[in-house]
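Participant: I'd like to go over a predicted model; first the sequence, then the structure.
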Amino acid sequence: MKLWGGRFNKGTAKILEEFNGSINFDKRMYEEDIKGSIAHSKMLSRQNIIGEEEQKKIEDGLLQILKEIEAGEFTFDIKDEDIHMAVEKRLIEIVGEVGGKLHTARSRNDQVALDIRMYLKKETITIKGILIELLDSLIEVAEKNKEVIMPGYTHLQRAQPILFSHHILAYYEMFKRDLDRLEDSYKRLDVMPLGAGALAGTTYDIDRHFVAKELQFSEVTKNSLDTVSDRDFIIELNFIISMISMHMSRLSEEIILWSTSEFSFVNLDDSYSTGSSIMPQKKNPDIAELIRGKTGRIYGNLMGILTVMKGLPLAYNKDTQEDKEGVFDSIDTIKISLVIFKEMLITMKINEKNMMKGIEDGFINATDVADYLAKKKLPFREAHRIVGELVVYCEINNKKISQLKLEEFKQFNDLFEGDINEKISIKECVNGRKSYGGTGLESVETQIEDANIFLKNKK
Ligand code: ARG
């Protein structure tokens, strides 16, 4: 018979069991479920709701179940519906009738809210750790290639020369914000829901703050109706994971482009790329493509839970059982993606020469020619027009700006002097951009320094 079978005259249909049950996926919260139950039993005993002896038996039974599960000796049965009832049923088998006292002053509605919060707290800490390792690796890549120059793009058209390290540090900033988001959202996870009961609280003299302390929660939820129906924290984690994935996907897209023979800016390590079964010459950036692709599924999980929640009346509704698979999938996906992405990055070879070639071919220092004139007090707008004409001249005559003679420059404006070529050399264009946050070497060195201080404090 079901634990809730009292008012039923018939067993449930087999197909309903499969449809209704969540044990196949919520069993991963077994440890949280058991630890939560132990804390609850301790509180019941302290408040004289159950006896000390009874609590001891319950706790021992629960610890035995934990061992059984970890040894792979526990049978998860869809007939038990979910992890909460599976553990409770086994407890009664082990300790007898007294096991039936565990669920006093508690409902599965507040119990599931507790388990998922505990589980997501644990996973948030794990993801944070992996993210910090990625931040570390980005700094390593930036430092190793600190002075490598590449074309910077806008509209995917060559725009201005930049340091490759500056480009990588842009991603450092993105992932650092993600870390910040994880830390911030942790505060909202860290609120203890048990004691809300089914929806309205309980008539027993419980001590919720004691349970919170036992389970290392910083606060206790304030409204029982909100407590059993709130899934904001799951949406939030889904969103943060989506953001991390989007950031990885953007860099993945660049790496896919950079590793084409058209760009040839980078070479992926053999151990982090794959071949084609038909075209022997190919080396494919599968990791980067998969990360880009998995982003779709991760967004899907976010949309899924947002949609589940949109029309739910207070308080608990079974709809929210649909909150778990998506976030579990996103957690699993982001963890492996972050690790493999990091490995791919640190083993990737940078083709400095090809990056430079990309610079020499375009008119990538045109802005600097205009700045040269503007610094001699010509209004920038006028300088911009003049350099536009100069670019057309170069195109017609098939010349690069660096190949122009001083007389040719002077045809466009008298302010050009002998130092023009030196002032618009690529190195000068890059390192002259010393403005705070700019691409110049000095600025990049400051960025790396700040990052190293930040990361040291995180470890
Ligand atoms: N398996 C359920 C869930 O994940 C647990 C809560 C069920 N509560 C209930 N009253 N049916 O949401």
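Facilitator: Thanks, I have it.
Participant: From D110, how far off is K222?
Facilitator: The spacing between K222 and D110, counted by Cβ to Cβ, to the nearest Å, is 13 Å. Backbone N, C-alpha and C define where each C-beta goes, glycine included.
Participant: Please say which of these two ends up with more neighbours.
Facilitator: Between K222 and D110, counted using other Cβ atoms under 10 Å, the more crowded position is D110 (28 against 9).
Participant: just checking, next helix/strand downstream of the helix or strand the more buried one falls within?
Facilitator: Applying DSSP states H and E as the criterion places D110 in helix 108-144. The first helix or strand that comes after helix 108-144 along the chain, using DSSP H and E, is strand 149-154.
Participant: distance between that following strand and the chain's centre?
Facilitator: Here strand 149-154 is found 27 Å from its chain centre; the criterion is Cα atoms, centre = their mean, to the nearest Å.
Participant: Could you do stretch 76-96 as well?
Facilitator: The chain centroid and the centroid of stretch 76-96 are separated by 35 Å under Cα atoms, centre = their mean.
Participant: helix, strand or coil for whichever residue of the stretch 251-400 of the chain sits closest to the ligand?
Facilitator: At 3.7 Å from the ligand, Q321 is the closest residue in the stretch 251-400 of the chain, using Cβ to the nearest ligand atom. Under the three-state scheme (DSSP: H, G, I helix; E, B strand; the rest coil), Q321 adopts helix.
Participant: In contact with it, which residues?
Facilitator: S22 (Cβ atoms under 8 Å, 6 or more residues apart in numbering).
Participant: Name the residues of the stretch 201-350 of the chain found near the ligand, please.
Facilitator: Proximity of the stretch 201-350 of the chain to the ligand, by Cβ under 6 Å from any ligand atom, involves residues K318, T320, Q321.
Participant: mind putting those in JSON lines, pLDDT and distance to L182 included?
Facilitator: Putting these into JSON lines (pLDDT from 0 to 100; distance: Cβ to Cβ, whole Å) gives the following:
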{"residue": "K318", "pLDDT": "98", "distance to L182": "29"}
{"residue": "T320", "pLDDT": "98", "distance to L182": "23"}
{"residue": "Q321", "pLDDT": "98", "distance to L182": "25"}
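Participant: Pick the one among the residues you listed closest to L91.
Facilitator: For these, the residue nearest L91 by Cβ to Cβ is Q321; the value is 22.0 Å.
Participant: Can you give me the separation between that closest one and Q160?
Facilitator: Q321 is 53 Å from Q160, by Cβ to Cβ.
Participant: same deal with S242?
Facilitator: Going from S242 to Q160 by Cβ to Cβ gives 31 Å.
Participant: D205 too?
Facilitator: On the measure of Cβ to Cβ, D205 and Q160 end up 70 Å apart.
Participant: quick one, which of the two is more surrounded?
Facilitator: Ranked by neighbour count (other Cβ under 10 Å), D205 and Q160 place Q160 first, with 19 against 9.
Participant: elements contacting the helix or strand hosting Y172?
Facilitator: Element membership for Y172 (DSSP H and E) is helix 164-189. Here helix 164-189 touches helix 108-144, strand 149-154, helix 232-258, helix 441-458, going by 3 or more Cβ pairs under 8 Å, 6 or more residues apart in numbering; DSSP states H and E.
Participant: near the ligand, which residues of the stretch 1-150 of the chain?
Facilitator: Residues of the stretch 1-150 of the chain found near the ligand (Cβ under 6 Å from any ligand atom) are S22, D26, D82, R108, N109, V112.
Participant: Kindly reformat those residues as CSV containing pLDDT.
Facilitator: Conversion of these to CSV gives the following (pLDDT from 0 to 100):
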residue, pLDDT
S22, 98
D26, 98
D82, 98
R108, 98
N109, 98
V112, 98
